[in-house]
Each structure stands twice: as C-alpha cells, then as structure tokens.
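In: Dropping a prediction and its sequence here:
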Amino acid sequence: MDFNDYQKAANKTLRGNEQVLTNCALGLGSETGQVVDLIKKYTFHGENLDHDQLVKEMGDVLWYLSQIAEWNNIPFEEVANFNIKRLNNTHNRMLKD
C-alpha cells in the first residue's frame with residue numbers, strides 16, 4: 001500500500017468533524033508517548049520489546065500523522081518524499097565534511 005492509499009483508507013475511519021486537527025495532534029502526542037514508553041521499559045526496565053504492541057502503537061502514530069496531513073490537504077506521499085530528500089541532503093552534506 002502506498003502512502004496516499006493509506007491516507008485515504010485511514011480517513012474513512014475518522015470520526016467527528018469538530019476540532020479534528022486538535023484531536024489528531026493530541027492523539028499523535030499520546031500515541032507517540034506510548035511508543036516511547038515501550039522503548040523506555042525495554043531499555044531501562046529490562047522488559048521485552050513486544051513486536052506486536054510496537055507495530056500497533058506505530059500504526060496509531062501513522063494514522064494520526066496521515067490525518068493531520070489529510071486535514072491540511074497534503075498528500076502523505078508528499079510528506080514522505082520531502083522527508084527522504086531532506087534526509088539524503090543532510091546525509092550527503094555529512095559525507096562531504
């Protein structure tokens with residue numbers, strides 16, 4: 001599935017029409033915190049890093065990101081392509097230094 005297909009499919013599950021952007025931003029923060037918490041517990045508390053739980057939480061982060069992009073009429077693929085170009089530019093500059 002490509003990013004734009006994901007974004008459109010995810011949008012079909014969006015509920016509510018008031019304060020969507022705020023809800024998505026708060027949800028993104030919350031879900032990101034859950035990813036961070038899983039990694040913290042693995043790193044500092046000796047817990048196993050549950051693959052399925054990590055995939056679930058990362059999927060929730062992806063959903064919120066895609067809906068913030070959707071709300072702003074930004075194709076998710078544009079976000080992904082821009083990010084890769086930016087990362088490649090940074091990487092290439094680091095190699096030259």
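Out: Structure's in. What do you need?

In: So the nearest residue to Met1 once chain neighbours are set aside, which state does it fall into?
Out: Using C-beta to C-beta, 6 or more residues apart in numbering and skipping the chain neighbours, the partner closest in space to Met1 is Ala9 (7.6 Å). Just so you know, the C-beta spots here come from the backbone N, C-alpha and C atoms, and that holds for glycine as well. With DSSP: H, G, I helix; E, B strand; the rest coil as the basis, Ala9 sits in helix.

In: so who does the residue sitting nearest the centre point of the chain touch?
Out: The chain has Leu62 as the residue nearest its centroid, 3.4 Å off, counting by C-alpha atoms, centre = their mean. Leu62 sits next to Tyr6, Ala10 when contact means C-beta atoms under 8 Å, 6 or more residues apart in numbering.

In: buried stuff in the longest helix along the chain?
Out: Counting residues, the longest helix in the chain under DSSP state H turns out to be helix 20-45. Burial within helix 20-45, assessed by neighbour count using 16 or more other C-beta atoms under 10 Å, is assigned to Asn23, Cys24, Gly27, Leu28, Glu31, Thr32, Gln34, Val35, Leu38.

In: Nearest residue to the fourth one in space, please, no chain neighbours.
Out: By the measure of C-beta to C-beta, 6+ apart, the closest residue to Leu28 outside its immediate chain neighbours is Tyr64, 3.9 Å from it.

In: Can you say which helix or strand has the one you found in it?
Out: If you go by DSSP states H and E, Tyr64 is part of helix 51-71.

In: what's the angle between that helix and helix 20-45?
Out: Angle, helix 51-71 to helix 20-45, by axes from the mean of the first three to the mean of the last three C-alpha atoms, to 10 degrees: 150 degrees.
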